[in-house]
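Novice: Output the structure for:
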Amino acid sequence: MDNSTTNGVGILIQPTTKFQTNLIECHFFAKINQATFTELELLSRLLASGCQQYPQSEQLAAHLADLYGTNLQIIHRALGGYHDLMFRLAFVEPNTPQNYQQSNLQDVLALLQQLIFKPLLTVAAGAKAFKIERQAFTSELRDLQEDFEYQAFVQTKAAYFAQAKLPANYQTAASGSLTELAAITYSRLQTLYQQILDQWQVTLTVLTNDQQQWPWSQLLTQALPFKPRPVQITNNLALLTNVALQQTLRRPIPGQQSRLTLAYQVTGIHEPAEIQRFSLLTRILGGSEQSLLFQMFREKLGLVYDISASYDALNNWLLIETGLDRQNIELALTTIERAWQQIKSGKIPDSLIQLTQSEMISQRRLIVDSPQRLLNRTLLQTLQPAMQRSAANYAQAFATVDAAYLGQIAAQAQLRVTTIFQGQEATQA
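Specialist: A predicted model of the protein is given here:
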């Protein structure tokens, strides 16, 4: 059942006989310009710290333990141009009674109702919890200032999405920023959460091994009586950007190791089979120890500490990230370009293409071995019906792929941001 595209509140049930664990997730969706990543990160922490019935984190933890070790997560993520604020409870039914009214599910739903509709934000204890969570969050973000791998990504993202002429919300890392955090007030979070409850699109997702055919939709609707609201996701989740200029960012950093991050805009890749094939190209480029970049850098030249390439289809960009000694920066840039030229000239070994295809097919099969990944796939396919793929469709998409084809689609990636963090200490011989 799913009516989220008509009244803004949907229910998805994913039955399974493979797991003893049941999952219930409540997702709130809205366009990214409705809130900052920093606001949602702080809000997630505050919501997870307690509720009115269990205002202390220790009390909440004890109650979760009483529910046969139920696990709680409240997190947020970006899905292309949208926010996803998610409540997740993972639980078991130790006895699986015939009557659901005596089940662990009833107590789990009661807790979820408390967490969503009776948070600390509306009572006096919330102000104290806000200060505690903001202080802890501030300390974590300060520590990240010295994580230069992370900071190189942060600056790359900010520069890339600034060029795309998108609101500042898109330019911040999902983990948040100190500048934004300092400006967040308790009243702002109260207002934001009320907007989320009243206006953001809701999808309730369930993964269950229920053999009793309990009335899940009825139980969820009773426990979580959301009113109809506007539909937020009306088209593809992907964020279509246009980054026209190429730029280079340089920053000196302490220590011997340098960081190099390259961001490529990927254009013209929209259909599921196209995305799958470009993912294949990315993995061949730098997705494993057998990849071109790893073999060129680590095995042949010994240039870097680490190197990887990743493709985000929802943001339509490809990242290459590496750690290396400062004297190797220019050689690394030249070698990365040489790897691209090898691909574009159709000189990828057939054995590498076949190995990478097999790995991707195997990994796709493993999705059903993880409750979270299986339920996430169900959700994303519902939000984007055109992206639904069968195992046969997935394998067939590789049938016509060869080195020449990969060379053609490699032209869809254009370098837009080069970020160089250069270590200031000489490497010891």
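Novice: Which residue ranges of the stretch 151-300 of the chain form helices?
Specialist: All helices of the stretch 151-300 of the chain, identified by DSSP state H, counting those that start in this stretch, fall at 178-183, 186-199, 216-223, 272-286, 292-294.
Novice: How far off centre is the second one?
Specialist: Which is helix 186-199. The chain centre lies 23 Å from the centre of helix 186-199; the measure is C-alpha atoms, centre = their mean, to the nearest Å.
Novice: Name the SS class of the most centrally placed residue in the chain, please.
Specialist: With the centre of the chain defined as its mean C-alpha position, the nearest residue by C-alpha atoms, centre = their mean is Arg77, 5.1 Å away. What DSSP: H, G, I helix; E, B strand; the rest coil gives for Arg77 is strand.
Novice: That one touches Met86, doesn't it?
Specialist: Yes. Using C-beta atoms under 8 Å, Arg77 is in contact with Met86, at 7.4 Å. (Glycine included, C-beta is placed from N, CA and C.)
Novice: In contact with Gln412, which residues?
Specialist: Val266, Thr267, Gly268, Ile269, Phe278 (C-beta atoms under 8 Å, 6 or more residues apart in numbering).
Novice: Count the neighbours of the last one for me.
Specialist: Here the number of neighbours of Phe278 (other C-beta atoms under 10 Å) works out to 22.
Novice: what's the answer for Leu60, then?
Specialist: 20.
Novice: that's a strand at it, yeah?
Specialist: No. According to three-state DSSP, Leu60 belongs to no strand; its state is helix.
Novice: Please determine how far the nearest residue to it once chain neighbours are set aside is located from Gln194.
Specialist: The shortest distance from Leu60 to any non-neighbouring residue, by C-beta to C-beta, 6 or more residues apart in numbering, is to Tyr54 (4.1 Å). From Tyr54 across to Gln194, the span is 21 Å (C-beta to C-beta, to the nearest Å).
Novice: Who has more neighbours out of those two?
Specialist: Tyr54 (20 against 12).
Novice: State the distance from that one to Thr208.
Specialist: Applying C-beta to C-beta, the value for Tyr54 to Thr208 is 25 Å.
Novice: With Ala399 instead?
Specialist: Relative to Thr208, Ala399 is positioned 36 Å away (C-beta to C-beta).
Novice: who's more crowded, those two?
Specialist: Counted by other C-beta under 10 Å, Ala399 and Thr208 do not tie: Thr208 has more neighbours, with 21 against 7.
Novice: can you pull the contacts of Ile269?
Specialist: Ile269 makes contact with Ile275, Phe278, Ala313, Asn316, Ile409, Gln412, according to C-beta under 8 Å, 6+ apart.
Novice: Point out where this protein drops to low pLDDT.
Specialist: Residues of the chain meeting the criterion pLDDT under 70: 1-6, 96-98, 211-212, 304, 426-429.
Novice: That one: strands as residue ranges?
Specialist: 9-15, 22-31, 71-79, 82-91, 201-208, 247-253, 257-266, 304-312, 317-325, 413-423 (DSSP state E).
Novice: could those strands be laid out in a markdown table, adding distance to Leu120?
Specialist: Listed next are the strands of the chain as a markdown table, based on distance: least, C-beta to C-beta, whole Å:
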| stretch | distance to Leu120 |
| --- | --- |
| strand 9-15 | 24 |
| strand 22-31 | 17 |
| strand 71-79 | 12 |
| strand 82-91 | 15 |
| strand 201-208 | 21 |
| strand 247-253 | 40 |
| strand 257-266 | 39 |
| strand 304-312 | 34 |
| strand 317-325 | 37 |
| strand 413-423 | 39 |
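Novice: residues making contact with stretch 285-296?
Specialist: The contact list for stretch 285-296, computed with C-beta under 8 Å, 6+ apart, reads 283-284, 298, 307-310, 320, 335-336, 338-340, 342-343, 348, 352, 355-356, 359.
Novice: buried residues in it?
Specialist: Judged by neighbour count using 16 or more other C-beta atoms under 10 Å, the buried positions of stretch 285-296 are Leu285, Gly286, Gly287, Ser288, Gln290, Ser291, Leu292, Leu293, Phe294, Gln295, Met296.
Novice: Quick one: end-to-end distance for that stretch.
Specialist: End-to-end span of stretch 285-296 (C-alpha to C-alpha, to the nearest Å): 10 Å.
Novice: Can you get me the centre-to-centre distance for that stretch and its chain?
Specialist: A distance of 23 Å separates the centroid of the chain from that of stretch 285-296, by C-alpha atoms, centre = their mean.
Novice: contacting residues for the residue nearest to the centre of the chain?
Specialist: Neighbours of Arg77 in contact, by C-beta under 8 Å, 6+ apart: His83, Asp84, Met86, Ala174.
Novice: Would you confirm that the last one contacts His83?
Specialist: To tie it back to what came earlier, the one meant is Ala174. No. Between Ala174 and His83 there is no contact under C-beta under 8 Å: 9.7 Å.
Novice: returning to that earlier point: any chance of the contacts of Gln412 in CSV, plus distance to Gln256?
Specialist: Below are the contacts of Gln412 laid out as CSV (distance: C-beta to C-beta, whole Å):
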residue, distance to Gln256
Val266, 33
Thr267, 37
Gly268, 41
Ile269, 38
Phe278, 35
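Novice: pretty sure Leu301 contacts Thr335?
Specialist: Yes. Counting by C-beta under 8 Å, Leu301 touches Thr335, with 6.8 Å between them.
Novice: Tell me which of those two has more neighbours.
Specialist: Thr335 (21 against 13).
Novice: Stretch 337-354: how far from the chain's middle?
Specialist: On C-alpha atoms, centre = their mean, the centre of stretch 337-354 falls 29 Å from that of its chain.
Novice: That stretch: which residues count as buried?
Specialist: Ala339, Trp340, Gln342, Ile343, Lys344, Ile348, Leu352, Ile353.
Novice: now swap in stretch 169-177 and tell me
Specialist: Counting neighbours by 16+ other C-beta under 10 Å, one finds that the buried residues in stretch 169-177 are Asn169, Tyr170, Gln171, Thr172, Ala173, Gly176, Ser177.
Novice: ok, now how distant is Gln290 from Gln381?
Specialist: Gln290 is 30 Å from Gln381, by C-beta to C-beta.
Novice: Can you check which of the helices of the stretch 151-300 of the chain gets nearest to Ala391?
Specialist: Distance to Ala391, taken as C-beta to C-beta, is lowest for helix 272-286 among the helices of the stretch 151-300 of the chain, at 12.3 Å.
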